[in-house]
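Colleague: Predicted coordinates and the sequence they were generated for:
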Amino acid sequence: MGGSERDGERVVPDGKRVIGSIGGIEALYGGQVDCCPVEMLVDTGAVASLVSKDVLARVGRSTVSLRPYSGSLNSASGHKIKALGVLDLPVTLGTVEKTLPFIVTDNLHVDAILGTDSLEAFRAVIDLETRTMLLKDTGEMLAIGEARVEEIYAVGVASKLRLGLGCQAF
């Protein structure tokens, strides 16, 4: 589909913000986008679903034309998120597959964010206490949430070598 967004087809309603959860225990689920395993953040604070452009490359859709997106997106910290466009993608949660609109962006810390638009389409009910997601149509109970450990490496280098003017260290 091409063309510009009409009022009734806006991915994010006017006046709404997209929010991404970060840190600690995250509501992550290993679903599929276009039959490719991906790490998805289940985010009940996001009004729209997002996908990383890296996922499009993995599923062979990096050259597909995107529909324009004219709204503004903000992260949970209030920083602007650059939208590259919108693309309808087949998404699988449990045994259920639906084709849904995703806003394509550059810098997500996960492969995709499932916002309330996608959660509503899947008729998903989130239980924060048990960290599960119930798909009402099939009765499937999916485990969500895992502790994310970011690996950070620090290297300290000390040297007492003094280089003369015009010299380079290799």
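Modeller: Received, thanks.
Colleague: This structure: strands as residue ranges?
Modeller: For the chain, applying DSSP state E gives strands covering 25-26, 28-33, 36-42, 50-52, 73-74, 80-81, 83-93, 96-105, 112-114, 124-127, 132-135, 140-143, 146-147.
Colleague: Report all helices and strands that the fifth one contacts.
Modeller: If you count contacts as 3 or more Cβ pairs under 8 Å, 6 or more residues apart in numbering; DSSP states H and E, strand 73-74 packs onto strand 80-81. Quick note: C-beta positions are derived from backbone N, CA and C, even for glycine.
Colleague: Surely Asp74 and Lys80 touch.
Modeller: To be clear, residue 74 is Asn; Asp isn't right here. Yes - using Cβ atoms under 8 Å, Asn74 makes contact with Lys80 at a distance of 6.2 Å.
Colleague: who has more neighbours, these two?
Modeller: Between Asn74 and Lys80, Asn74 has the larger neighbour count (other Cβ atoms under 10 Å), namely 14 against 9.
Colleague: still on that earlier bit, identify whichever of the strands of the chain lies nearest to Val59.
Modeller: Taking Cβ to Cβ, strand 36-42 is the member of those nearest to Val59, at 4.8 Å.
Colleague: Tell me the buried residues in stretch 36-43?
Modeller: Buried residues in stretch 36-43, defined by neighbour count with 16 or more other Cβ atoms under 10 Å: 36, 38-43.
Colleague: try stretch 58-73
Modeller: Applying 16+ other Cβ under 10 Å to stretch 58-73 flags 59, 61, 66-67, 69, 71, 73 as buried.
Colleague: Quick one: those residues as CSV, columns for pLDDT and distance to Glu129 too.
Modeller: Shown next, in CSV, are those (pLDDT from 0 to 100; distance: Cβ to Cβ, whole Å):
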residue, pLDDT, distance to Glu129
Val59, 93, 34
Arg61, 93, 37
Leu66, 96, 38
Arg67, 96, 38
Tyr69, 93, 35
Gly71, 87, 33
Leu73, 88, 30
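Colleague: how many other residues sit next to Val125?
Modeller: The burial count for Val125: 12, using other Cβ under 10 Å.
Colleague: distance of it from Val38?
Modeller: Going from Val125 to Val38 by Cβ to Cβ, to the nearest Å gives 22 Å.
Colleague: Spatially nearest residue to Thr116, not counting backbone neighbours?
Modeller: For Thr116, ignoring the flanking residues on the chain, the nearest one in space by Cβ to Cβ, 6 or more residues apart in numbering is Val47 at 5.6 Å.
Colleague: ok, now which ones touch the one residue sitting closest to the centre of the chain?
Modeller: With distances taken as Cα atoms, centre = their mean, Ala112 lies nearest the centre of the chain, 2.5 Å away. By Cβ atoms under 8 Å, 6 or more residues apart in numbering, the residues touching Ala112 are 31, 33, 38-41, 49-52, 55, 91, 102.
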